[in-house]
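Visitor: quick check, what structure comes out for this input:
(chains A, B, C and D)
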There are 2 protein chains.
Amino acid sequence: MTQPPPKFRREPAEQRKEALILAALALIAERGVRGATVRAIADRADVTQGLIRHHFSSKEDLISAAYAFHMSRMTNLTASPNIAEGASAKARLAAFVATGLNPPVVDPASVSLWASFLNKVREDERMRQIHEQTYHDFRDRLEGLITDALAEAGITATPSRLRQLAIASNAVIDGLWMEGGALPNAFEPGELPEIGLQSVGAIIGIDLQKTGSQP
Amino acid sequence: MTQPPPKFRREPAEQRKEALILAALALIAERGVRGATVRAIADRADVTQGLIRHHFSSKEDLISAAYAFHMSRMTNLTASPNIAEGASAKARLAAFVATGLNPPVVDPASVSLWASFLNKVREDERMRQIHEQTYHDFRDRLEGLITDALAEAGITATPSRLRQLAIASNAVIDGLWMEGGALPNAFEPGELPEIGLQSVGAIIGIDLQKTGSQP
DNA sequence: TCAGCAATTATGCAAGTGTATAATTAGAAA
DNA sequence: TTTCTAATTATACACTTGCATAATTGCTGA
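Guide: Numbers count the residues shown, from 1 in each chain, chains lettered A, B, ... in the order given. Next up is the predicted model:
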């Protein structure tokens, strides 16, 4: 007697939750939050819809988890320095800017996800906190890099001015990121990081483009 | 015999269409596209739902019209020069930047609307065209102002460089606009235009802040 | 090997969705 | 006043939605 093949596989909870989150994110990016129905998500994850309610207390709960997951993923993407430890502060800042303006950070799906979540962020308190913290994390890292680069160049700046430089640089990066994702064909490859480096450099008063990777 | 009061008012088609569009926009800004159901829109416009189908061939049609209406409204808001005819090019550029970074252009509802529509833009060809044209209109106006301001200051720049300066300046404005709308409490009043003027000035190499309104 | 538990499926429901279609009726025109 | 038409309401239908509940079933530990 041969056994009939199993009708489904049991997965550890954490693993299945992540699979459901990934399916939700893919659908939200493709069709917006409204296209990410419980049934569509379950379908994409090759699972029946009841399972979602078993792992998440509600659809809102899944969406929140997906948002947190996505934001953390984006943070990790931009966090990876990708540059030698001993590099100059200027080189590190330049690398940070360039990373945020190249794939995979610049990506239509990412921008689409960001936009889809923005509305929920305004309603849901938990989401608002994730949003604010991610934004400030990114800006604070930027401010730190700017501070170091200025010090390295022998330029002094008040904390208030450093804050403004960080806000402005962050705005350039965000703006370019957004436009690059929303209008993927409007820019040449490499144009976004080039403009970004040039502009952040002009704002803080340091040329970031002619940067050898060596210290 | 007194006549019973009329049970409803007949409005000219264009007027009712605009009322329906405004109701739709208000709902989308408040609750996102998913909250803007046919019934909710009709309710807010003090009308029964059937009327929507009489004036628009489908809900999609209404949403498209609302998007075009909103974009045109935003364009008009930023287009109003609000500054004397004979003003210097520098002053006109500064006024343009400041207008885009103050209310009512900077506004949570506007950002929310923009985000809500972004997904639809990727699917719907008609919406994509509206989006691209609005973006390029704004950027082209910016490029014209930058060109004039540079010429006025005796600075020459290649067309390619002018394009890059416009993209960069546009990105700063967009980024600040977005952050100001998404995190209304994260910035002091007047901080956004201040940073915007400072940054655009640094990017193009002209101080835009110490600008008397006189030519 | 087998008992028990949690992961998974199966089924159904009540509310809300966009849309269609027919019945009213306000208001201008004659 | 009466007619006529387009604006408006009224009603209903088929479908989707999130959620609940009960019935299975894969797997692990004794």
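Visitor: return the helix or strand in chain A with minimum mean pLDDT.
Guide: helix A:108-123 (a mean of 88; mean pLDDT, DSSP states H and E).
Visitor: and chain B, is the helix or strand following that helix touching that?
Guide: The first helix or strand that comes after helix A:108-123 along the chain, using DSSP states H and E, is helix A:125-152. Yes. Counting by CB under 8 Å from any CB of the partner chain, chain B is contacted by helix A:125-152 at A:131, A:132, A:135. C-beta: built from backbone N, CA, C; applies to glycine.
Visitor: pLDDT of helix A:125-152, averaged?
Guide: The pLDDT scores in helix A:125-152 average 92.
Visitor: show me what that helix is packed against.
Guide: Here helix A:125-152 touches helix A:59-79, helix A:89-100, helix A:108-123, helix A:159-182, helix A:191-204, going by 3 or more CB pairs under 8 Å, 6 or more residues apart in numbering or on different chains; DSSP states H and E.
Visitor: surely residue A:165 and residue A:139 touch.
Guide: No. Counting by CB atoms under 8 Å, residue A:165 stays clear of residue A:139, with 10.5 Å between them.
Visitor: ok, these two, which is more surrounded?
Guide: residue A:165 (24 against 20; other CB atoms under 10 Å in any protein chain shown).
Visitor: list the contacts of the more buried one.
Guide: Counting by CB atoms under 8 Å, 6 or more residues apart in numbering or on different chains, residue A:165 makes contact with A:143, A:146, A:157, A:203, A:204.
Visitor: element containing residue A:6?
Guide: For residue A:6, there is no enclosing helix or strand under DSSP H and E.
Visitor: okay, now it: neighbour count?
Guide: Neighbour count of residue A:6, defined by other CB under 10 Å: 7.
Visitor: confidence score at it?
Guide: Looking at residue A:6, its pLDDT stands at 82.
Visitor: phi first, then psi, for it.
Guide: Backbone geometry at residue A:6, expressed as degrees, to the nearest 10, gives phi -60, psi 150.
Visitor: which residues touch it?
Guide: Residue A:6 neighbours (CB under 8 Å, 6+ apart): none.
Visitor: one more: residue A:23?
Guide: Residue A:23 neighbours (CB under 8 Å, 6+ apart): A:41, A:42, A:44, A:45.
Visitor: sec struct for it, please.
Guide: The three-state assignment at residue A:23 reads helix, by DSSP: H, G, I helix; E, B strand; the rest coil.
Visitor: from residue A:118, how far out is it?
Guide: Noted for residue A:23: a distance of 21 Å to residue A:118, by CB to CB, to the nearest Å.
Visitor: of the contacts of residue A:165, closest to DNA strand C?
Guide: Taking CB to the nearest atom of the strand as the measure, DNA strand C lies nearest residue A:143 of the contacts of residue A:165, at 42.9 Å.
Visitor: tally of neighbours for the residue nearest to the closest one when sequence neighbours are not counted?
Guide: Excluding its sequence neighbours, the residue lying closest to residue A:143 (CB to CB, 6 or more residues apart in numbering or on different chains) is residue A:166, at 3.6 Å. By other CB under 10 Å, 22 other residues sit near residue A:166.
Visitor: and residue A:166, what's its pLDDT?
Guide: Note on residue A:166: pLDDT of 98.
Visitor: touching, it and residue A:139? I think so.
Guide: Yes. Applying CB under 8 Å, one finds residue A:166 in contact with residue A:139, separated by 5.3 Å.
Visitor: report the buried residues of stretch A:8-21.
Guide: Within stretch A:8-21, the residues that qualify as buried are A:16, A:17, A:19, A:20, A:21, counting by 16 or more other CB atoms under 10 Å in any protein chain shown.
Visitor: all good on my end, thank you.
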